[in-house]
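[1] I would like the atomic coordinates for the input below:
(2 chains)
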Amino acid sequence: MNYISIKNNQTILLTEIPESNYEAFYDMNLDLVRGHIERHCVNYFGYKVGNNIKLICCIADDSTHDILVSTCLVNKAHALESFTHQLLCFEKFEREIHENFGINFIDHPWLKPVRYAFNRDDMSQTKENYPFFSIDSEELHEVGVGPIHAGIIEPGHFRFICNGEQILHLEIQLGYQHRGIEQLFLEKKKLLQRATLAEDIAGDTVVGHGTTFAHVWESLCGFEATRDIEFSRTLALELERIAIHVSDLSGACTDIAYQLGSSVFGRLRTPIINYLQEWVGSRLAKGLIRPGRNQFPFTSTLAQRLTQVLDIFEPEFKEMAAKLFMLPSALSRFERTGVVSNADATTIGAVGMTARMTNLNRDIRTSHPFSLYPELNHVPILKRHGDVYSRIQIRREEIEQSISYIRKLISEVPVVESKHEIMHTPKPNSFCLSLVEGWRGEICHCALTDNTGELMLYKIKDPSFHNWLALALSVRNNEISDFPICNKSFNFSYSGHDL
Amino acid sequence: MFENLKIVFHQGKQFIPNVKTAIVPGIFRGRPVISVVKVDEEKLIALCPTDAITGNPVSINLGKCTFCGECAMHFPEKITFTKDYKLASNIPERLIIREGEDKPVEVDPEKVRKEIHRVLGRSLKLRQISAGGDNSCEMELNAANNVQFDMSRFGIDFVASPRHADGIVITGPMTKNMADAVQICYDATPDPKIIVLVGTDAISGGLFVGSPAIDRSFLERYPVDLYIPGNPAHPLTIVNGLLDLTRKLK
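    This next block holds a predicted model:
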């Protein structure tokens, strides 16, 4: 087969990636994914090589823990058969390639703009002329929401087609948050700038994106992170998961007007993020993850303190959760609301929590383990119904799971290895792919270096990139008044999508 | 019913009694203090990811600082970050911390527009706009209204519509794709209205300065009433900043 199998965080030479013509590339990648539930596309992108465009497709195989990378050189002048026509999970990737390079894909159902990148191929496409689906009917009406929403959240536009109170269709238009981060990764030359940029990709996934960048960079430089460094990352990832999951439970309570749950879960986030502040000086752990360095060494004093925090947090959380999950008026709003079926989640290539709530087992912590996860013997939490209730159940159980992982981790604080090896510069002409399971799901960063070892391309994929479509599907046939709870129960990233 | 009361009892009183004197836990990186010790200035300046540090005399612009703490880590004898979370000011100049100075960042009441004290002094309704914000400042703005920081007790609230608002709060470096929405939202807010920038990205653009996807021309057209630095700004920084702007110091 014309692909190369690599492991998570492995650096290879660009020339090692086998190149085929588009037909072979097309058949091979489709065959890899079609009918194989254990495989899905983690990244598929292009970059300019002279007048041509080089496509790189990365398929993760969860059973063998491999990532299958292949490449193909194409030209804008020729329209290409679309992957999406066969498998919908490639939908967003092909739209992105179309937007950036103007490649036309035959039979793609909707080659609409993704994020209005500043360097898009067709500058005549603007937010104003976005081709929304519309229905010409006397009975139906459209509702437009956003970009600015009622609460304090990021911007995005939602266009509903409704039959009375019932939603028939939702289309989500994003791109408002586009800051040109991928380009800035190439322009900002200092490592600290790049590490800070990675933390700014999505401010709610500071540790997730920070760790992914650190892994990419260390792999490119041939740096072997010591145990204490990976310990901090694993611990911070789980703390971040707890903090956001709790605040999302609070959000879910707010959206069903359950004041007690909203206040209590809302305030329960504080001890966790205040602990992060005690450890690293920032409530959202900004400044903690740095490639090749243990910026804030974890000590046994900090471990004791964390045990104290968790000892108080856990019973308070459990008490509130027990109440919420027994409350009939809350359950009636959660159950069978915003359902995404397992078949739909598989078709659109959902990842992370969005996949797991439909019993689709996608969790990088087990499938492509990194940091200290191999020792934790992580077992993903799966739910079957795909409704709001499944999503908040996952949050509740993942919080409890994370607490047990943290207790296990801090029972043995690793010694800080005083002499860290020196980090070299990135290897030239290389390719590296890194996967990390953030609280939302799989984060994928890919880096390509040129012949001087400088970054030539930095490609970031937030889990929301796959998952936004799940929200659009979930609200169909629901009351429009249930949209907020559907949206909050997913809590996708706008800035992570728009970059 | 009983369970509800039990939860309320177990939670106890959560609010911070005095938001002006509360002490934040841990090693919070707030207002930096720069000593007069001589160090390799060039090296220090080169360290900063956002060019917030300038030399001769050494100073840090909080509007540009990402509070990563790297400078204090490499030059502990020169720069220390204190736990002072009062960082907001209405004058950009006040956000610059110079070496040898250890004085608080303050709102200059003389420079506050008169109608702000008179009209918005007791009740302030704000419309938040995220214009490329990474959701960190947004989360902290939400936190400013949770049961602990409880900003509503001062009559400061966030509202859903700009028509109900007395001003706008902008987070994020201001993306080109949000430029129209920001303008429309501002135009829809009735006079007198204020503009508040929260977070380093909003105040200076942060790391996104020079990105072609950013359009900050809105800020050239209208005066800004308050700058609240931070990456993200701490809820106490936000609450104190808004209070200092709208309340006359007694």
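[2] buried ones in stretch A:364-382?
    A:364-373, A:376, A:378, A:380-382 (16 or more other CB atoms under 10 Å in any protein chain shown). C-betas here are computed from N, CA, C, even on glycine.
[3] from those residues, which single one is nearest A:Glu99?
    A:Ile364 (26.8 Å; CB to CB).
[4] surely B:Gln11 meets A:Val264?
    Yes - contact criterion CB atoms under 8 Å: B:Gln11 and A:Val264 qualify, at 6.0 Å.
[5] Can you check which residues contact both of these two?
    Common contact partners of B:Gln11 and A:Val264 (CB atoms under 8 Å, 6 or more residues apart in numbering or on different chains): A:Glu316.
[6] quick one, which of the two is more surrounded?
    A:Val264 (27 against 17; other CB atoms under 10 Å in any protein chain shown).
[7] For B:Asp150, which non-adjacent residue is spatially closest?
    Distance criterion CB to CB, 6 or more residues apart in numbering or on different chains; nearest residue to B:Asp150, sequence neighbours excluded, is B:Phe15 at 5.0 Å.
[8] Sorry, slip of the keys, the one I care about is A:Ile348.
    A:Leu469 (4.8 Å).
[9] what helices or strands is the lengthiest helix in chain B leaning on?
    Identified as the longest helix of chain B according to DSSP state H is helix B:235-246. For helix B:235-246, the elements it packs on are helix B:114-120, helix B:136-144, strand B:156-158, strand B:194-198, strand B:226-228, judged by 3 or more CB pairs under 8 Å, 6 or more residues apart in numbering or on different chains; DSSP states H and E.
[10] circling back: near chain B too, which of the buried residues of stretch A:364-382?
    Cross-checking the buried residues of stretch A:364-382 against chain B (CB under 8 Å from any CB of the partner chain) gives no overlapping residues.
[11] just how off-centre is stretch A:121-137 within its chain?
    Put simply, stretch A:121-137 sits 26 Å off its chain's centre (CA atoms, centre = their mean, to the nearest Å).
[12] does it come close to chain B?
    Yes - contact of stretch A:121-137 with chain B (CB under 8 Å from any CB) involves A:Lys127.
[13] give me the residue from chain B nearest chain A.
    For chain B and chain A, the shortest gap (CB to the nearest CB) falls at B:Ser136, measuring 2.7 Å.
[14] How about that residue, nearest residue that isn't a chain neighbour?
    The shortest distance from B:Ser136 to any non-neighbouring residue, by CB to CB, 6+ apart, is to A:Gly203 (2.7 Å).
[15] hmm, back to that, helix, strand or coil for the residue nearest to A:Ile348?
    helix (DSSP: H, G, I helix; E, B strand; the rest coil).
[16] follow-up on the earlier one: does the residue nearest to B:Ser136 really touch B:Gly132, like I thought?
    No - taking CB under 8 Å as the definition, A:Gly203 is not a contact partner of B:Gly132, at 11.1 Å.
[17] what residues go with each domain of the chain?
    In the absence of a named chain, this looks at chain A. Taking automatic domain parsing as the criterion, chain A consists of the domains A:4-114, A:181-498.
[18] try chain B instead
    For chain B, automatic domain parsing gives the domain ranges B:32-98, B:109-246.
[19] hmm, back to that, which secondary structure state does the residue nearest to B:Asp150 sit in?
    Counting by three-state DSSP, the backbone at B:Phe15 sits in coil.
[20] Next up, the contacts around it.
    B:Val147, B:Gln148, B:Phe149, B:Asp150, B:Arg153.
[21] Could you find the closest non-adjacent residue to the third one?
    What it means is B:Phe149. B:Pro235 (4.4 Å).
[22] Near that neighbour, how many residues? Count them for me, please.
    So B:Pro235, with other CB under 10 Å, has 27 neighbours.
[23] still on that earlier bit, can you tell me what sits against the longest helix of chain B?
    Under the contact criterion CB under 8 Å, 6+ apart, helix B:235-246 has outside partners B:16, B:19-20, B:22, B:24, B:30, B:85-90, B:106-107, B:112, B:116-117, B:120-121, B:124, B:140-141, B:143-144, B:146, B:149, B:151, B:154, B:156, B:194, B:196, B:198, B:225-226, B:228-230, B:233.
[24] just stretch A:311-319 next, same as before
    A:Val246, A:Val264, A:Leu268, A:Pro271, A:Ile272, A:Ile399, A:Glu400, A:Ile403, B:Lys6, B:Ile7, B:His10, B:Gln11.
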